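Asks: Any chance you could fold what I've pasted below:
(one chain, ligands or ions: 2)
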Amino acid sequence: MLSARTAAASPLWTRGGGGEGGSSKGCTSCWEVRRRAAAVRVQAAAPRRVEAVAMDLAAETEKEEMAAAGGGVEDKYGEDRATEEVPVTPWAFSVASGYTLLRDPHHNKGLAFTEKERDAHYLRGLLPPAVVSQDLQVKKIMHNLRQYSVPLQRYMAMMDLQERNERLFYKLLIDNVEELLPVVYTPTVGEACQKYGSIFRRPQGLYVSLKDKGKVLDVLRNWPERNIQVIVVTDGERILGLGDLGCQGMGIPVGKLSLYTALGGVRPSACLPITIDVGTNNKQLLNDEFYIGLRQRRATGKEYHELMDEFMSAAKQIYGEKVLIQFEDFANHNAFDLLAKYSKSHLVFNDDIQGTASVVLAGLLSSLKVVGGTLAEHTYLFLGAGEAGTGIAELIALEISKQTKAPLEECRKKVWLVDSKGLIVSSRKDSLQPFKKPWAHEHEPVTSLLDAVQSIKPTVLIGTSGVGKTFTKDVVEAMASFNERPVIFSLSNPTSHSECTAEEAYNWSQGRAVFASGSPFDPVEYNGKIHVPGQSNNAYIFPGFGLGVVISGAIRVHEDMLLAAAEALADQATQENFDKGSIFPPFANIRKISARIAASVAAKAYELGLATRLPQPKDLEKYAESCMYTPVYRSYR
Ligand SMILES: O=C([O-])CC(=O)C(=O)O
Ligand SMILES: [Mg+2]
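Replies: Ligands and ions are numbered 1, 2, ... in the order given. Okay, here's the model as predicted:
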């Protein structure tokens, strides 16, 4: 493990003239000097009508000044990179004027441009006379969105807004998170990926395809932003539970990163969605005339790994070793190997293995407050032994081991997994993929889930199979027959792939199930009581987790950081939530929740010697909050 001392001595860390090690004030003012110089250069160089105008610096507080540098957590890190890796580019600190300004989604405010701004930026006549507030714009767009009855239409309207007026998009999402999360994210994003080719209007994110082999560095250089802090990358092979959607998986990194900003406060310009296109084995897409990806079967083996290698080194070369690379929706046969391989050399995080594990562990920790007992006293049965299933299983075992001091091997025995061939037992060891082997316990072979439930008698049943309707009435009734409060998590996404619905779980258990799902379900009334199902989706974890990594300058993800995130989330579920039937705090509070998760993750990174942002801020939660991007409009003079 790298200590902070080692890290501090590394070439990357020492670059930047001590910028990161200094006080935030020092950094901000260094930045300020360069920014002013850049703005002056712009004004001197630009012809009048197309002149770039120096951005408003009316920001009065230091925090606002930092926000003006890009609106978020980048100041010190941006400082480092702006000094050493990226020349200060005047346009990075300026906005265009007139017609160009209205078409620049990063700076456009639409009707919210004030009279003064309209004069100063050559906007007169380009807008109708009314001047409205951002809040009124939010109200209007929410009104319009609600007119659409088809979720995909709402999704497309939201994507159009993101392309037109970024700050309004994020304001809308933050202010209406519970209503809009299912639109820009699961489940609608799944349908959007399936139809991505037909609804495609303007490209989002960066496409790295087999055609780019040998030129990936150049491809990354084409991206307009340099100070990237978080990359979400997919190869599209296992999009949610929908399977191989090839290049059209791009909707997932785009959606995940919009949550990084809205839920975790990482500024949009620091986020980079990437799709690696190595082909697809989805025949329907290969025959679809509107398909946007390479029309070939998936490259595998050497060809696949060479492209991944080239991408991973290019990303590190351009963005430095502190860029967080989140692997998303890779198929099992690559996901574990990629994580194991690159976690030695890169700051990587697999959301489906680690993010899901962390949110489910949080859900279990808070379920204990409802059902009683300790984590070690429960017995866990999974349907599905892929990334999510084995990832969660391992984190449960780690937490039990941490709590009881028992060896990890022993703790794993509390957890059983069923895959498509039945219960994973030791007699199957030879034919099992490596990631399943730790779960092959002594037991006679069992082929069906119902038999496994009856034989293992789990207190907790978790679905990560990707196959809908597999928690049948018999299965749920069996769980309810020997558990007063059966814990049932039906995690597969999107909604159609959920192992059972919330309604089924409550009805078949006579309202006794402690239920959570990956995709959202509406509240259910059973016997006069309203149950609000919790959404055990990694969206609770990755935005705050990533924020914690970024603000601490962590150089590696450690499993204890995942445990810290889970504990921080579980701590925030209250009796009020439990009374309503949910084991999670509501998404409406997600920015606060993310700040706390970020603080716990960062604290753990410091404790483990993995953090490089020194000195450690005294109050990490306040610091995390102060770093979060807010989408209110800036004023331009
Ligand atoms: O995207 C989601 O809703 C959760 C997730 O990572 C997956 O299902 O792959
Ligand atoms: Mg995923």
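Asks: what about the residue nearest to Glu504 when sequence neighbours are not counted, how many residues close to it?
Replies: Spatial nearest neighbour of Glu504, chain neighbours left out: Val476 (6.7 Å); criterion: Cβ to Cβ, 6 or more residues apart in numbering. Placement of C-beta: from N, CA and C, glycine included. Burial of Val476 is recorded as 25 neighbouring residues (other Cβ atoms under 10 Å).
Asks: pLDDT score for Val476?
Replies: The model reports Val476 with a pLDDT of 98.
Asks: So what touches whichever strand or helix holds it?
Replies: Assigned by DSSP states H and E, Val476 belongs to helix 473-482. Outside helix 473-482, the residues that touch it by Cβ atoms under 8 Å, 6 or more residues apart in numbering are 449-450, 453-454, 457-458, 461, 486, 488, 500, 504-505, 508-510, 512-513.
Asks: if you set the cut-off to 6 Å instead, what comes out?
Replies: Applying Cβ atoms under 6 Å, 6 or more residues apart in numbering, the set of residues contacting helix 473-482 from outside is 449-450, 453-454, 457, 461, 486, 508-509, 512.
Asks: Same question for stretch 506-516.
Replies: With Cβ under 6 Å, 6+ apart, stretch 506-516 has contacts from 363, 367, 370, 473, 476-477, 480, 485-489, 502, 505, 524, 526-527, 531, 533-534, 536, 583.
Asks: Dump it to PDB, keeping only the CA atoms.
Replies: C-alpha atoms of stretch 506-516 as PDB (Å, rounded to 0.1, in the frame of the first residue of the first chain):
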ATOM      1  CA  TYR A 506     -45.600  -7.500   0.400                       C
ATOM      2  CA  ASN A 507     -48.600  -9.400  -0.700                       C
ATOM      3  CA  TRP A 508     -47.000 -12.900  -0.600                       C
ATOM      4  CA  SER A 509     -45.400 -12.200   2.800                       C
ATOM      5  CA  GLN A 510     -48.600 -10.700   4.300                       C
ATOM      6  CA  GLY A 511     -46.900  -7.300   4.500                       C
ATOM      7  CA  ARG A 512     -44.000  -8.700   6.600                       C
ATOM      8  CA  ALA A 513     -41.200  -8.500   4.100                       C
ATOM      9  CA  VAL A 514     -38.400  -6.000   4.500                       C
ATOM     10  CA  PHE A 515     -38.100  -5.200   0.800                       C
ATOM     11  CA  ALA A 516     -35.700  -3.300  -1.400                       C
END
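Asks: Quick one: distance of stretch 208-225 to the chain centre.
Replies: Centre-to-centre, stretch 208-225 and its host chain are 23 Å apart (Cα atoms, centre = their mean, to the nearest Å).
Asks: Any idea how many residues pack against whichever residue of the chain sits closest to ligand 1?
Replies: Using Cβ to the nearest ligand atom, Thr186 is the residue of the chain that sits closest to ligand 1, at 3.3 Å. Neighbour count of Thr186, defined by other Cβ under 10 Å: 21.
Asks: hmm, back to that, rebuild the contacts of helix 473-482 as a markdown table, extending it with secondary structure, pLDDT and distance to ligand 1.
Replies: Below are those laid out as a markdown table (DSSP: H, G, I helix; E, B strand; the rest coil; pLDDT from 0 to 100; distance: Cβ to the nearest ligand atom, whole Å):
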| residue | secondary structure | pLDDT | distance to ligand 1 |
| --- | --- | --- | --- |
| Leu449 | helix | 98 | 20 |
| Leu450 | helix | 98 | 25 |
| Val453 | helix | 98 | 24 |
| Gln454 | helix | 98 | 29 |
| Lys457 | coil | 98 | 28 |
| Leu461 | strand | 98 | 18 |
| Pro486 | coil | 98 | 23 |
| Trp508 | helix | 98 | 24 |
| Ser509 | coil | 98 | 24 |
| Arg512 | coil | 97 | 27 |
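Asks: Buried members of those residues into PyMOL, please.
Replies: In PyMOL, a selection of the buried entries from the contacts of helix 473-482 looks like this (16 or more other Cβ atoms under 10 Å):
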select buried, resi 449+453+454+461+486+508+509+512
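Asks: For the contacts of helix 473-482, which two are the farthest from each other?
Replies: Across these, the longest distance by Cβ to Cβ is 19.7 Å; it joins Leu449 and Arg512.
Asks: In strands, which of the contacts of stretch 506-516 fall?
Replies: Counting by DSSP state E, the part of the contacts of stretch 506-516 found in strands is 487-489, 524, 526, 531, 534.
Asks: now these in JSON lines, with neighbour count, distance to ligand 1 and pLDDT?
Replies: Formatted as JSON lines, the ones in strands among the contacts of stretch 506-516 follow (neighbours: other Cβ atoms under 10 Å; distance: Cβ to the nearest ligand atom, whole Å; pLDDT from 0 to 100):
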{"residue": "Val487", "neighbour count": "24", "distance to ligand 1": "20", "pLDDT": "98"}
{"residue": "Ile488", "neighbour count": "30", "distance to ligand 1": "18", "pLDDT": "98"}
{"residue": "Phe489", "neighbour count": "28", "distance to ligand 1": "13", "pLDDT": "98"}
{"residue": "Val524", "neighbour count": "20", "distance to ligand 1": "21", "pLDDT": "97"}
{"residue": "Tyr526", "neighbour count": "18", "distance to ligand 1": "26", "pLDDT": "97"}
{"residue": "His531", "neighbour count": "21", "distance to ligand 1": "21", "pLDDT": "96"}
{"residue": "Gly534", "neighbour count": "30", "distance to ligand 1": "14", "pLDDT": "95"}
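Asks: Fine, thanks again, bye for now.
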